[in-house]
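In: Quick one, what's the 3D model for this:
(chains A, B, C and D)
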2 protein chains.
Amino acid sequence: MTSVLVIDDDALLLRALQINLSAREYQVSTASDGRSGLAAMARERPDVVIVDLGLPDIDGTDVIQGIRGWSSAPIIVLSARGQENQKVDALDAGADDYVTKPFGINELLARLRAATRRAAAPSDDEPAVATEDFTVDLVAKRVVLASGADVRLTPTEWQLLEVLARNRGRLVTGRQLLHDVWGPAYGTETHYLRVYMAQLRRKLEPDPARPRYLLTEPGMGYRMSGD
Amino acid sequence: MTSVLVIDDDALLLRALQINLSAREYQVSTASDGRSGLAAMARERPDVVIVDLGLPDIDGTDVIQGIRGWSSAPIIVLSARGQENQKVDALDAGADDYVTKPFGINELLARLRAATRRAAAPSDDEPAVATEDFTVDLVAKRVVLASGADVRLTPTEWQLLEVLARNRGRLVTGRQLLHDVWGPAYGTETHYLRVYMAQLRRKLEPDPARPRYLLTEPGMGYRMSGD
DNA sequence: GGCAGGCGTAAAGAAATCGTCAAGGCGTCA
DNA sequence: TGACGCCTTGACGATTTCTTTACGCCTGCC
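Out: Sure thing, here's the model as predicted:
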């Protein structure tokens, strides 16, 4: 059974999630502030964590960093509207995905499933990431289309694809992509991303104008879809 | 049981790794600075070493060189964000792999497995690598053309071909080729590669100007094709 | 409707990388 | 000593990639 820790200061929301998730065979534990959340995290070792960004005592980003210091459990962030910057910070700090309040329970459940599925896979050591239309071989540094044809990628294209593939299913912020591919000094030059994402799509997507794998999350970043 | 030595000045991280790796049947010893790390290295003779780049007393690259002076145990480097340059230096100095902090325990475990696997099976998976036009006999250290004629290779040409053949289908970076053939100090002298690749192609390729086996991946490295 | 901001696409000049030829150095061996 | 093989180094054109500019599209907002 999958265990979930929810950290949020809204008692009503906690209760609602407890009921809804328990009914879906999740084992739920809760905490109402950052301090007790981190304590519960160490105590319970949950499979997934859901964290609200607007905690009373500790900044949500710091909570995420505190968790990421020693755990790789998937983290899903809850945020109110208008907290765009905090959302990006949270993702940069190591969160996997985010949901904006108010949200439907179905959306959260979908994110939960995606997160646990990803964590269950041996993830790294995984020599290749495969989709229906192409396979990214992370060891051989090769991309093969379903037709069997090799795709020639330039070094930058490859690095970009590698970051997205290693984080498949999770949202990667533009800042993180720029940092990992171009280096620490390129925090805001999002133009590169647009150019190179277009090139990757042209080479990999069946219909580059309507991407199926290399998805844009407006205002946030990019994501390689999990399917 | 595989023994691991972890050299890092972060006491929390040491403790976390000790717990996590011990649970996975690794025998863990630790050191919190470069000096005691090198001492522990000589004392314990671990199968794998994990080294942090930001040690308080000795530069991480120097620690790696100190180890590489007399041991060929796999070295995995830990580096914080923004230490890109040091990472490259560390690989040039002889490190085998690197992990960027913060990292998940699963990622580290995967790298550990990969490192020990590589070290355990240094060679002899395949006694020979054959193509339609020539055969590379890795045991006899010979190359025979389809016509039956022997190809005379110089020692350097042979070493280069051997690395490519053992990694057939996989992309091998210029740095790795230089490291394996010319030694750790030749991290950027890509000129050698160009000269020797041309010579190999002249001797092995049916049409050296349009290589079929010894392929260039511009900006990334070389690859011996899988066909 | 008009406007601003974020995103996608195409194309051209600048910069880096690669292939090739050839000359020089160094050691070995007759 | 001289010939030979091998490694190193230099030079230069050809090719590939990176960066930058320009423009069109869409969405949300006034």
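
In: Chain neighbours aside, what residue packs nearest to A:A11?
Out: Spatial nearest neighbour of A:A11, excluding adjacent residues (C-beta to C-beta, 6 or more residues apart in numbering or on different chains): A:S32 at 7.0 Å. For the C-beta atoms, the positions are set from N, CA and C on the backbone; glycine is no exception.

In: Spatially nearest residue to the residue of chain A found nearest chain B, not counting backbone neighbours?
Out: In chain A, the residue found nearest to chain B is A:S72; the distance is 2.5 Å by C-beta to the nearest C-beta. The shortest distance from A:S72 to any non-neighbouring residue, by C-beta to C-beta, 6+ apart, is to B:G104 (2.5 Å).

In: Local confidence estimate at that neighbour?
Out: If you check B:G104, the pLDDT there is 70.

In: same check, this time on A:G94
Out: 88.

In: Wait, the residue nearest to A:S72 touches A:P74, no?
Out: No - if you go by C-beta atoms under 8 Å, B:G104 and A:P74 don't touch, sitting 9.9 Å apart.

In: So between the two, which is more surrounded?
Out: Per other C-beta atoms under 10 Å in any protein chain shown, whichever of B:G104 and A:P74 has more neighbours is A:P74, with 25 against 19.

In: Could you list which residues are in contact with the more buried one?
Out: Contacts for A:P74 were tallied using C-beta atoms under 8 Å, 6 or more residues apart in numbering or on different chains; they are A:D47, A:V48, A:V49, A:D96, A:D97, A:A115, A:T116, A:R118, A:A119.

In: in stretch A:62-77, what's buried?
Out: Across stretch A:62-77, burial judged by 16 or more other C-beta atoms under 10 Å in any protein chain shown covers A:63-68, A:70-77.

In: Format those residues as TSV; extra columns: secondary structure, pLDDT and distance to B:A149.
Out: Converted to TSV, the buried residues of stretch A:62-77 look like this (DSSP: H, G, I helix; E, B strand; the rest coil; pLDDT from 0 to 100; distance: C-beta to C-beta, whole Å):
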residue	secondary structure	pLDDT	distance to B:A149
A:V63	helix	93	69
A:I64	helix	93	64
A:Q65	helix	89	63
A:G66	helix	89	66
A:I67	helix	90	64
A:R68	helix	86	59
A:W70	coil	80	61
A:S71	coil	85	60
A:S72	coil	82	55
A:A73	coil	90	60
A:P74	coil	93	59
A:I75	strand	94	62
A:I76	strand	94	64
A:V77	strand	93	65
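
In: Which single one of these is nearest to DNA strand D?
Out: The shortest gap between DNA strand D and any of those belongs to A:V77, at 21.1 Å (C-beta to the nearest atom of the strand).

In: out of everything not next to it in sequence, what's closest to the closest one?
Out: A:Y98 (4.2 Å).

In: ditto for A:D62
Out: A:G34 (7.2 Å).

In: who in chain A is up against DNA strand C?
Out: For chain A, the residues in contact with DNA strand C (C-beta under 7 Å from any atom of the strand) are A:174, A:190-191, A:193-195, A:197-198, A:201-202, A:208-209, A:216, A:218-219.

In: from those residues, which two are the most distant?
Out: A:R202 and A:G219 (23.6 Å; C-beta to C-beta).

In: hang on, the earlier thing: the residue nearest to A:A11 against A:L13, yeah?
Out: No - between A:S32 and A:L13 there is no contact under C-beta under 8 Å: 10.2 Å.
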